[in-house]
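**Q** Sequence first, then the predicted structure, then my questions.
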Amino acid sequence: MNHTLKLTIQRVEGAVIRTLGLIERRGFSVTSINTASDEASPHMEMTLEIHSPQRSVETLARHVEKLFDVSDVHLIAAHAPAAPMKESVAC
Amino acid sequence: MKGAQLLVKALEQEGVETIFGYPGGAIMPVYDALTESPLRHILTRHEQGAVFAADAYARVTGRPGVCMATSGPGATNLVTGIANAFLDSVPIVAITGQVPTGLMGTDAFQEVDIFGMTMPIVKHSYLIRSVEDIPRIIGEAFHVAREGRPGPVLIDLPKDVANAETELAALFEMPRPGTGAADPAQLAAARQLIRSARRPVLYVGGGVGIAGAVPEFRAYAQASGIPVVATLKGLGAVPTRDPHFIGMLGMHGTVAANYTVQESDLLICVGARFDDRATGRLDGFAPNARVIHMDADAAEIGKLRQTDAALLGDLRTALPALPTDLSISDWQRTCRQRKTAHAWRYDAPGDGIYMPDMLRRISAADRDLTITCDVGQHQMWVAQHCQFDRPDQHLTSAGLGAMGFGVPAGIGALIANPGSRVLTVSGDGSIMMNIQELATLRRYDLPLKILLVDNASLGMVRQWQELFHNERYSEVDLSDNPDFVQVAKSFGIDAFRVTRRDEVDGAIERLLHAEDAILAHVCIDPTANVWPLVPPGQTNDVMMEEASA
């Protein structure tokens, strides 16, 4: 089941890769990306379909919101929030 | 004015007084500009020393620490320290030189994409493309580093931008928004949870010190009488001698603290993050407890444990709003009795040096001592057996667990607070990771006290191999260590060796009363272990203890 994240990000160096890197690093795979921007605008609209078998997409959305280059986050979650992680002992 | 001069001016305007760094080709314009600036530059002998020192400087002063390095290897040598600041929420600003913009992307000499390389471990980062952007970027960088949950910010400065001429002199003013207040509905829910709890526990982390909320936390703990347990970074949020303080929780926490948490019916998590070293196996952590989570970072809420009430925002306003009229005297008595029943014992047999006891004595002999740690067994013994009256008395690489932190952190702490007394507790493995910083101690005449705990091995790894790998020891023997006393002396630092228990009192006296830098090389039993220990993958009520105890 895919979740949808609609983001407004600043059109600055590194913003796209920073956002995508965070999403993958926090345990989500990206299955589709659409971006749209107006040359005159300092912002870019980005719509992502993302997937994770385990992780909470609400937690991910809060991580994305913290990025300095991200000005707006709109989440359309595919289902009820994922169960919290059971195994947390790193090593 | 050149870009480099503008950068230095912007740092001065931010109130920066000290920069830790190491020069090189691409950052030379900034080093040139420093010759005309009142900023004090501390030359370490490795860039990792600079970033760890800046980290400790920030932990002590509460202001962002600044470090600087050149492109390529200079920049990559900062990476471990940036990760350390990221995981421990420490505000630092790291400035790196970069090859000229025209050469970027051509594999030029000393070119590395440090902006791309550090993205996962910075709060934010900048690559300065235009000299006109320098004031804004410096202003934003310091703001981002310290606001909310602090963290590291990296600024990569290409050499042509540093050399570019600019008319710009007006400096950037960053707007400073206030911190928010907790949601009233969540606050009402939290108040109700606390009122109905019978076995509540305050689980305190490093966030209390970072938020400047130590007085409010102590006032609440005192007024409510709720027992307190702390994470590694939370030690000192209440004085560790306080009767309400039960102990550190987690893998090497106290028996009393872990049982207290496991039996609780309400966990009030204040500025902590349910790290795996604190919780053990997560689905068995405080299994019967409801959870109130108080934090500055919304992304921590529900990340690892579902919460029943979340109080975001400033701890200084949220804590005084919690109820204190509780009926928990039975629970308080149970916790106190258990703390007494499981109190540490220091009557180890033999005449070898028992490090927990030596650390306890040092800490008792100087209550104002700031202790920096390296990583491993000695780090856990410090957390268990030293007493802390303030969180910033205990500077430790908690989240990253980076060996080599101790000596540079001692340098940063002494530069931050020149009159203070600072002790670095290190191990024979850890100290070799930044041994070159002894030269920095000598250069700036910093009176750092170093307690080098030598078990001729990588003790914590050896302990795990003993317990969890059937005593198959692999690459942990360090019996060919150099003569550490001679090493220290060759750097111009006084040093002495201690091998017997009857020498301990004299060693403590000499260490604490030295006016200059001094190293005590303390040889201990190579088979000594850290107890108790929650085995990896187990819940915190499964604690291994010393067989003879």
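**A** Perfect, thanks for sending it.

**Q** residues contacting the most centrally placed residue in chain A?
**A** Nearest to the geometric centre of chain A sits residue A:23, at 5.0 Å (Cα atoms, centre = their mean). With contact taken as Cβ atoms under 8 Å, 6 or more residues apart in numbering or on different chains, residue A:23 is in contact with A:5, A:30, A:48, A:50, A:60, A:64. All C-beta spots, glycine's among them, are computed from the backbone N, C-alpha and C.

**Q** Kindly report the same for residue B:231.
**A** The contact partners of residue B:231, taken as Cβ under 8 Å, 6+ apart, are B:203-206, B:248-250, B:272, B:275, B:278, B:398.

**Q** Establish whether stretch B:65-77 and chain A are in contact.
**A** No - under the criterion of Cβ under 8 Å from any Cβ of the partner chain, stretch B:65-77 makes no contact with chain A; the nearest approach is 15.5 Å.

**Q** Mind listing what's buried along that stretch?
**A** Neighbour-count burial for stretch B:65-77, counted by 16 or more other Cβ atoms under 10 Å in any protein chain shown, picks out B:65-72, B:74-77.

**Q** again with stretch B:512-528
**A** Counting neighbours by 16+ other Cβ under 10 Å, stretch B:512-528 gives B:514, B:517-524, B:528 as buried.

**Q** what about whatever residue of the stretch 51-200 of chain B ends up closest to chain A, how many neighbours?
**A** In the stretch 51-200 of chain B, no residue comes nearer to chain A than residue B:124, which is 4.3 Å away by Cβ to the nearest Cβ. When counting by other Cβ atoms under 10 Å in any protein chain shown, one arrives at 21 neighbours for residue B:124.

**Q** Quick one: neighbours of residue 78, just the number.
**A** As the question left the chain open, I've gone with chain A. 12.

**Q** switch to chain B, that's the one I care about
**A** Residues within reach of residue B:78, counting by other Cβ under 10 Å, total 30.

**Q** how much space between the closest residue to it other than its chain neighbours and residue B:93?
**A** Nearest residue to residue B:78, sequence neighbours excluded (Cβ to Cβ, 6 or more residues apart in numbering or on different chains): residue B:51, at 4.8 Å. As judged by Cβ to Cβ, to the nearest Å, residue B:51 and residue B:93 stand 11 Å apart.

**Q** where do the contact lists of the two overlap?
**A** Residues touching both residue B:51 and residue B:93 (Cβ under 8 Å, 6+ apart): residue B:67.

**Q** neighbour-wise, which of these two wins?
**A** residue B:51 (32 against 26).

**Q** contacting residues for the more buried one?
**A** Residues in contact with residue B:51 (Cβ under 8 Å, 6+ apart) are B:20, B:67, B:78, B:80-82, B:84-85, B:92, B:94.

**Q** Over to it: give its phi and psi.
**A** phi -70, psi -40 (degrees, to the nearest 10).

**Q** follow-up on the earlier one: intersect the contacts of residue A:23 with the contacts of chain B.
**A** Among the contacts of residue A:23, not one lies near chain B by Cβ under 8 Å from any Cβ.

**Q** can you redo these as TSV with secondary structure and neighbour count?
**A** Output for the contacts of residue A:23, formatted as TSV (DSSP: H, G, I helix; E, B strand; the rest coil; neighbours: other Cβ atoms under 10 Å in any protein chain shown):
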residue	secondary structure	neighbour count
A:5	strand	22
A:30	strand	15
A:48	strand	21
A:50	strand	23
A:60	helix	24
A:64	helix	21
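
**Q** Which of the buried residues of stretch B:65-77 fall within strands?
**A** B:65-69 (DSSP state E).

**Q** How many residues are close by residue 22?
**A** Went with chain A since none was named. By other Cβ under 10 Å, the residues close to residue A:22 number 18.

**Q** was after chain B, sorry
**A** Residue B:22 has 24 neighbours, counted by other Cβ under 10 Å.

**Q** ok, it touching residue B:54?
**A** No - with contact defined as Cβ atoms under 8 Å, residue B:22 does not count as touching residue B:54 (11.8 Å).

**Q** any idea whether the nearest residue to residue A:45 once chain neighbours are set aside is helix, strand or coil?
**A** Excluding its sequence neighbours, the residue lying closest to residue A:45 (Cβ to Cβ, 6+ apart) is residue A:36, at 4.8 Å. Classification of residue A:36 using DSSP: H, G, I helix; E, B strand; the rest coil returns strand.

**Q** OK, contacts around residue 60?
**A** Went with chain A since none was named. A:5, A:23, A:26-28, A:50, A:52.

**Q** not what I meant, chain B
**A** By Cβ under 8 Å, 6+ apart, the contact list for residue B:60 reads B:370, B:392, B:395, B:412-413, B:416-417.

**Q** who wins for neighbours among those residues?
**A** Of these, with other Cβ under 10 Å as the count, residue B:412 tops at 34 neighbours.

**Q** Within the helices and strands, which one has it?
**A** Using DSSP states H and E, residue B:412 sits in helix B:406-416.

**Q** what lines up beside the helix or strand just after that helix in the sheet?
**A** With elements assigned by DSSP H and E, the helix or strand that comes after helix B:406-416 is strand B:422-427. Next to strand B:422-427 in the sheet, as set by DSSP bridges, lie strand B:370-373 (parallel), strand B:449-454 (parallel).

**Q** mind giving me CSV with the ones you listed and columns for distance to residue B:347 and mean pLDDT?
**A** Below are the strands paired with strand B:422-427 laid out as CSV (distance: least, Cβ to Cβ, whole Å; pLDDT from 0 to 100):
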stretch, distance to residue B:347, mean pLDDT
strand B:370-373, 24, 98
strand B:449-454, 20, 98
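
**Q** tell me the most buried of those?
**A** Compared across the strands paired with strand B:422-427, strand B:370-373 shows the largest average neighbour count, a mean of 28 (mean count of other Cβ atoms under 10 Å in any protein chain shown).

**Q** what's the angle from the helix or strand just after it to strand B:449-454?
**A** Going down the chain from strand B:370-373, the next helix or strand is helix B:377-385, by DSSP H and E. Relative orientation of helix B:377-385 versus strand B:449-454 (axes from the mean of the first three to the mean of the last three Cα atoms, to 10 degrees): 120 degrees.

**Q** how about helix B:377-385 against chain A, any contact?
**A** No - if you take Cβ under 8 Å from any Cβ as the test, helix B:377-385 misses chain A, and the best it gets is 15.9 Å.

**Q** show me where chain A has helices.
**A** For chain A, the helices defined by DSSP state H occupy A:15-25, A:57-66.

**Q** Out of the contacts of residue B:231, the closest to chain A would be?
**A** Nearest to chain A among the contacts of residue B:231, counting by Cβ to the nearest Cβ, is residue B:275 at 8.4 Å.

**Q** Counting neighbours, what do you get for the closest one?
**A** By other Cβ under 10 Å, 19 other residues sit near residue B:275.

**Q** so who does it touch?
**A** By Cβ under 8 Å, 6+ apart, the neighbours of residue B:275 are B:231, B:250, B:399.

**Q** Turn these into JSON lines, including secondary structure and pLDDT.
**A** JSON lines is the format used below for the contacts of residue B:275 (DSSP: H, G, I helix; E, B strand; the rest coil; pLDDT from 0 to 100):
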{"residue": "B:231", "secondary structure": "coil", "pLDDT": "98"}
{"residue": "B:250", "secondary structure": "coil", "pLDDT": "96"}
{"residue": "B:399", "secondary structure": "coil", "pLDDT": "97"}
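
**Q** Perfect, that will be all.
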